[in-house]
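**Q** Here's a sequence, model it:
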Amino acid sequence: MKNLTKKSLSAEPVVNIFRVCILRLSVASATLLSIFWGSLSNSSFDDTPIILVIVSIQYIVGITSLLLNRQGKLYSNKHLFYQLLIDVLFIAIYAYSTGGITNPFVNYSLVPISIASATLNRDNAKKITYITILLYTLLLFFYNPQPFYGIAQSMPIDLNYEQTTGENGQQDAVLANQPTHRVNPVHWSNWLNFIISALLIHWFVSRMAQAIRDQEKAISQQHEQQIYDEQVLSIATIAASAAHELGTPINSLRLLIDEYTKDNNLNDHQREDFNLMESQIMQCSASLKKLVDTAQQTQIGRRKVISCQQLIDRCLQEWQPLRPEVVVKKVFLKQPNEIAIFCDHSIAQALINLLNNAANSSPQQISIDLQYTAESISIIISDQGSGLPVHILEQYGKQPISDGEHNNSLGLGLFLSNASIRRHQGQLYLRNKYDNTIGTLVGAEAIIELPRWDEQNIEHN
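**A** The predicted model follows:
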């Protein structure tokens, strides 16, 4: 999953910024070469000193951005957006100084649009596209004309033109070689062609890039789910193996105790000890039977419809004798039986695990609430403890966690509970509670969100 993330278009802005900086330095180098070639061919630009200043600034910006990128200070898509915006402005300044729209290289403005559409989200790519179109439009009217562009494009062609001589003819020839700001139909057609090209590139490339991102995200989630399922399967396999392995010695101990309790020579104290041992062994047998039954009930076709209030009441009846010292406060009022879910016994076990975690944090009192909408129900378990550590809030649904500070397996119960809830198309949310008036931590909440049962769509659950 880590390798997939590195290869993702949306996850490598650092590499994209590096490539944009290299491209910017390449453009600056190409501009220097064009100036050198122009000076050799006696067709240099009129504003060559200004262009050299712009090239120097572009080199400084490019090298500085490259160093910041290497130091890890330019790393996000937001930084990439600003880098592309800088390139768009540099292209516009170059075009203004070298003939504006009459310069054929002004179409290089499509390159930042293509990069933005392939790497940024649609909103930022749209901003780059619109800004580039606006600057291109301004270059229709505002630019520094160049002689070799003006002769070729700015002067209209007259097929009926006749060569004149004399003073007027010389004046016409001089005027014909002067650059003009005249916008002829060729310029308008180039402008329209640029706008259509820019919008098409943005529309198609941004959607193709988004499709690739969605596909990579789906592959990453599938890979994560596969690892998650493997972890659950390994835990379930160990639990099933332990249940079978413990079954034989427990049965042997039960037979031995039965034989000892039949001995009439036992005194009252010894008989009480054997009775206690027998009750504990019965509890172990019941727990193992419940473990096997839960595994069987989690198979497809063993789910049933149950009222949410009935589910909570059954869990509390089963759990309360184990933790009689904990006061459970029911926040919700009596709910109608129509508020139901379609689940198996693993949801009840997940609820019991969360009740145990809450009771461990707050032995005096915990609370349970039930809320619902037309599509889902939420069972909220709250405690008044010291809150959950950050590492548990970040990793509870990804892998079993051992709380080393208290040396208990808080994360394992959360992991298995989350697995059961996710298998029912639900979600488990953990968060710390704060007092809004004084801003202090007052406990933690575990929220089980499950789809509400719908008789018409029961087959989809």
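
**Q** P13 contacts N77, doesn't it?
**A** Yes - in this structure, P13 is within contact of N77 by Cβ atoms under 8 Å, at 4.8 Å. Every residue, glycine included, has its C-beta placed from N, CA and C.

**Q** So between these two, which is more surrounded?
**A** P13 (22 against 17; other Cβ atoms under 10 Å).

**Q** Can you tell me how far that one is from N360?
**A** 43 Å (Cβ to Cβ, to the nearest Å).

**Q** now A218
**A** In terms of Cβ to Cβ, A218 sits 38 Å off from N360.

**Q** Looking at those two now, which is surrounded by more residues?
**A** N360 (18 against 10).

**Q** Now do the more buried one against I392, distance only.
**A** 13 Å.

**Q** And D258, by the same measure?
**A** In terms of Cβ to Cβ, D258 sits 45 Å off from I392.

**Q** coming back round to it: between P13 and N77, which contacts overlap?
**A** T119 (Cβ atoms under 8 Å, 6 or more residues apart in numbering).

**Q** of D258 and I392, who's got more company?
**A** I392 (17 against 11).

**Q** mind listing what the residue nearest to R323 when sequence neighbours are not counted touches?
**A** Leaving aside its chain neighbours, R323 sits nearest to A359 (5.2 Å; criterion: Cβ to Cβ, 6 or more residues apart in numbering). By Cβ under 8 Å, 6+ apart, the contact list for A359 reads 323, 326, 366, 383.

**Q** Recalculate using a threshold of 6 Å.
**A** Shown in contact with A359 (Cβ atoms under 6 Å, 6 or more residues apart in numbering): 323, 326, 366.

**Q** cool, and R303?
**A** Neighbour list for R303: 342-344 [criterion: Cβ under 6 Å, 6+ apart].

**Q** Look up how far V15 lies from it.
**A** For R303, the distance to V15 - Cβ to Cβ - is 47 Å.

**Q** Same check on S417?
**A** S417 is 39 Å from V15, where distance means Cβ to Cβ.

**Q** Looking at this protein, which helix is longest?
**A** helix 185-261 (DSSP state H).

**Q** Now do that one: which elements does it pack against?
**A** Helix 185-261 sits against helix 110-119, helix 122-138, helix 268-297, with contacts defined as 3 or more Cβ pairs under 6 Å, 6 or more residues apart in numbering; DSSP states H and E.

**Q** can we see that at 10 Å?
**A** Judged by 3 or more Cβ pairs under 10 Å, 6 or more residues apart in numbering; DSSP states H and E, helix 185-261 is in contact with helix 2-7, helix 110-119, helix 122-138, helix 268-297, helix 410-423.

**Q** For those helices, which has the smallest mean pLDDT value?
**A** Among those, helix 2-7 has the lowest mean pLDDT, at a mean of 41.

**Q** C-terminal to that helix, which secondary structure element comes first?
**A** Later in the chain than helix 2-7, the nearest helix or strand by DSSP states H and E is helix 13-40.

**Q** how far off helix 110-119 does that following helix point, in degrees?
**A** Taking axes from the mean of the first three to the mean of the last three Cα atoms, to 10 degrees, one finds helix 13-40 and helix 110-119 inclined to each other by 170 degrees.

**Q** Buried residues in helix 13-40, which are they?
**A** 13-14, 16-18, 20-21, 23-25, 27-28, 31, 35, 38 (16 or more other Cβ atoms under 10 Å).

**Q** could you give the mean pLDDT of whatever helix or strand comes next after it?
**A** Later in the chain than helix 13-40, the nearest helix or strand by DSSP H and E is helix 48-70. On average, the pLDDT along helix 48-70 is 88.

**Q** Using PDB, write down the CA coordinates of helix 48-70.
**A** Extracted in PDB, the C-alpha atoms of helix 48-70 (Å, rounded to 0.1, in the frame of the first residue of the first chain):
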ATOM      1  CA  THR A  48      16.900  42.400 -25.100                       C
ATOM      2  CA  PRO A  49      18.200  44.000 -21.800                       C
ATOM      3  CA  ILE A  50      14.800  43.700 -20.200                       C
ATOM      4  CA  ILE A  51      14.400  40.100 -21.400                       C
ATOM      5  CA  LEU A  52      17.800  39.300 -19.800                       C
ATOM      6  CA  VAL A  53      16.700  40.700 -16.500                       C
ATOM      7  CA  ILE A  54      13.500  38.500 -16.700                       C
ATOM      8  CA  VAL A  55      15.700  35.500 -17.500                       C
ATOM      9  CA  SER A  56      17.900  36.300 -14.500                       C
ATOM     10  CA  ILE A  57      14.800  36.500 -12.200                       C
ATOM     11  CA  GLN A  58      13.500  33.300 -13.600                       C
ATOM     12  CA  TYR A  59      16.800  31.500 -12.900                       C
ATOM     13  CA  ILE A  60      16.800  32.900  -9.300                       C
ATOM     14  CA  VAL A  61      13.200  31.800  -8.700                       C
ATOM     15  CA  GLY A  62      13.800  28.400 -10.300                       C
ATOM     16  CA  ILE A  63      16.900  27.600  -8.400                       C
ATOM     17  CA  THR A  64      15.400  28.900  -5.100                       C
ATOM     18  CA  SER A  65      12.300  26.800  -5.600                       C
ATOM     19  CA  LEU A  66      14.500  23.800  -6.400                       C
ATOM     20  CA  LEU A  67      16.500  24.200  -3.200                       C
ATOM     21  CA  LEU A  68      13.300  24.600  -1.100                       C
ATOM     22  CA  ASN A  69      11.800  21.600  -2.700                       C
ATOM     23  CA  ARG A  70      14.900  19.500  -1.900                       C
END
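
**Q** List the buried residues for that helix?
**A** For helix 48-70, by 16+ other Cβ under 10 Å, it's 51, 54-55, 58, 61-62, 65-66, 69.

**Q** what does stretch 309-318 give?
**A** Result for stretch 309-318 [16+ other Cβ under 10 Å]: buried residues 309, 311-312, 315-316.

**Q** Need the worst-confidence member of these.
**A** Q309 (87).

**Q** Check which helix or strand that residue maps to.
**A** Going by DSSP H and E, Q309 is part of helix 308-319.

**Q** The lengthiest strand in the chain packs against which elements?
**A** Criterion DSSP state E: the longest strand present in the chain is strand 441-451. Under the contact definition 3+ Cβ pairs under 10 Å, 6+ apart, strand 441-451 sits against strand 340-343, helix 345-361, strand 365-372, strand 376-383, helix 410-423, strand 427-434.

**Q** just checking, what packs against the third one?
**A** When you say that, I think you mean strand 365-372. helix 308-319, strand 327-330, helix 345-361, strand 376-383, strand 441-451.

**Q** Make CSV out of these and add distance to Q222.
**A** Shown next, in CSV, are those (distance: least, Cβ to Cβ, whole Å):
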stretch, distance to Q222
helix 308-319, 31
strand 327-330, 39
helix 345-361, 23
strand 376-383, 24
strand 441-451, 21
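
**Q** Nice, that's everything, thank you.
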